[in-house]
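> Quick one, fold the following:
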Amino acid sequence: MSSITTLKYTLQLADNVLIMGQRLAAWCGKGPVLEQDIALTNISLDQIGQARSLYQYAALIINNMPAADKAHLFNAPLLQEKINNQHTITEDDLAYLRDAWDFRNCLLVEQENGDWAYTVARSFFFDRFQYLLYAALQKSMDSTLAAIAEKSLKEVQYHIKWASEWVIRLGDGTAISKEKMQQALQARWEYTGELFAMNAIEQAAMQANIGVDVSSLQQAYQQQIEAIVNEASLQMPTAAWMQTGGKNGVHTEHLGYILAEMQYLQRAYPNMEW
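Numbering: from 1, shown residues only. Here you go, the predicted structure:
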């Protein structure tokens, strides 16, 4: 099994939850009510915690690689220079020193928060996928990835409960809340197709028995999404085509703004310690 395959697959998993967690963190202090402000903050911390576990594993893989294998891992000059100079790589390096073209998160998680309904819709679609993904990843031949999936699954159970309840609450509420929730579901649906489109990294990981065939999760996902949408008295969203690119390093402009804010301190004051 190639360590590069494991590394790239682990980073892709980590990028999704890091960017999603960063998006939700922007609601801290701005939630519509205190209880939901705290709920989103806790979900954000869960996702950033998952990202940290995955980045720690990715850093361990890099540090144990032969020099020849890690000579051209990333396009980001700051990180690659550090690797080539034989510095020990940490999870912070992987989060803060990579540039947008090195990130492999799906486009869904980098979309703007928008109003409350748009935030709910994005979480609703992403969290349901994460639950199915982690459930399958528990069977990975990579014991570290399987263990991270098992731990994370317990957290995601709450995440999907939170998002589903809000879809139902808004869809079954006032005429205005119903309209806003329907619009948000429609706007975010076109980003869900990418979740199940296997890229080269996922194909290689699946063949090595460490990754998940995400295309096999789509039917269960569709059924579970439809069940909640119907309960909320809403219409299933449709899309003439699905947006893709994030998992191959082609992102929307939104990711650049997220990284600029998230990475500023580390880049402005390198190696700072609190």
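
> where do the helices sit along the stretch 1-150 of the chain?
For the stretch 1-150 of the chain, helices defined by DSSP state H, counting those that start in this stretch occupy the ranges 3-25, 34-63, 77-84, 91-96, 107-110, 116-137, 143-171.

> who wins for proximity to residue 219 among the ones you listed?
Relative to residue 219, the nearest member of the helices of the stretch 1-150 of the chain by Cβ to Cβ is helix 116-137, separated by 10.2 Å. To be clear about C-beta, it is placed using only N, CA and C from the backbone, and glycine gets the same treatment.

> so how far is residue 40 from the nearest residue to residue 38 once chain neighbours are set aside?
Leaving aside its chain neighbours, residue 38 sits nearest to residue 31 (7.6 Å; criterion: Cβ to Cβ, 6 or more residues apart in numbering). According to Cβ to Cβ, to the nearest Å, residue 31 and residue 40 sit 6 Å apart.

> out of those two, which sits in the busier spot?
residue 40 (23 against 16; other Cβ atoms under 10 Å).

> these two touch, right, the more buried one and residue 28?
Yes: taking Cβ atoms under 8 Å as the definition, residue 40 is a contact partner of residue 28 at 7.3 Å.

> who touches stretch 164-176?
Outside stretch 164-176, the residues that touch it by Cβ atoms under 8 Å, 6 or more residues apart in numbering are 116-117, 120-121, 124, 128, 177-178, 180-182, 185, 228-229, 231-234.

> filter those to the buried ones?
In these, burial by neighbour count holds for 116-117, 120-121, 124, 128, 178, 180-182, 185, 228-229, 232, 234, counting by 16 or more other Cβ atoms under 10 Å.

> List just the nearest of those residues to residue 245.
Using Cβ to Cβ, the buried ones among the contacts of stretch 164-176 come closest to residue 245 at residue 121, 20.1 Å.

> And the pLDDT at the closest one?
Looking at residue 121, its pLDDT reads 98.

> what's the answer for residue 71, then?
89.

> check contacts around it.
Residue 71 touches 83-84, counting by Cβ under 8 Å, 6+ apart.

> Now it. Its backbone dihedrals?
phi -70, psi -20 (degrees, to the nearest 10).

> when you give positions from now on, start the count at 40
Renumbered: residue one is now 40, and that last one reads residue 110.

> how close does residue 146 get to residue 236?
11 Å.

> so what sits against both of those two?
Joint contacts of residue 146 and residue 236 (Cβ under 8 Å, 6+ apart) are residue 283.

> Compare these two and say which is more crowded by neighbours.
residue 146 (23 against 15).

> Around the closest residue to that one other than its chain neighbours, count how many other residues there are.
Of all residues not flanking residue 146 in the chain, residue 285 sits nearest, at 4.0 Å (Cβ to Cβ, 6+ apart). Using other Cβ under 10 Å, residue 285 has 25 other residues around it.

> wait, residue 285 sits on residue 140?
No: Residue 285 is beyond contact range of residue 140, at 11.1 Å (criterion: Cβ under 8 Å).

> Counting neighbours, what do you get for the residue lying closest to residue 188 once chain neighbours are set aside?
Nearest residue to residue 188, sequence neighbours excluded (Cβ to Cβ, 6+ apart): residue 176, at 3.7 Å. For residue 176, the tally of surrounding residues (other Cβ under 10 Å) stands at 23.

> In this structure residue 176 contacts residue 251, no?
Yes: the pair residue 176 / residue 251 is scored as a contact, 5.4 Å apart, by Cβ under 8 Å.

> joint contacts of the two?
By Cβ under 8 Å, 6+ apart, no residue touches both residue 176 and residue 251.

> re earlier: give the contact list for the residue nearest to residue 146.
142-147, 149, 233, 291, 294.

> And for residue 295?
residue 139.

> For it, give me the pLDDT.
Taking residue 295 on its own, its pLDDT is 95.
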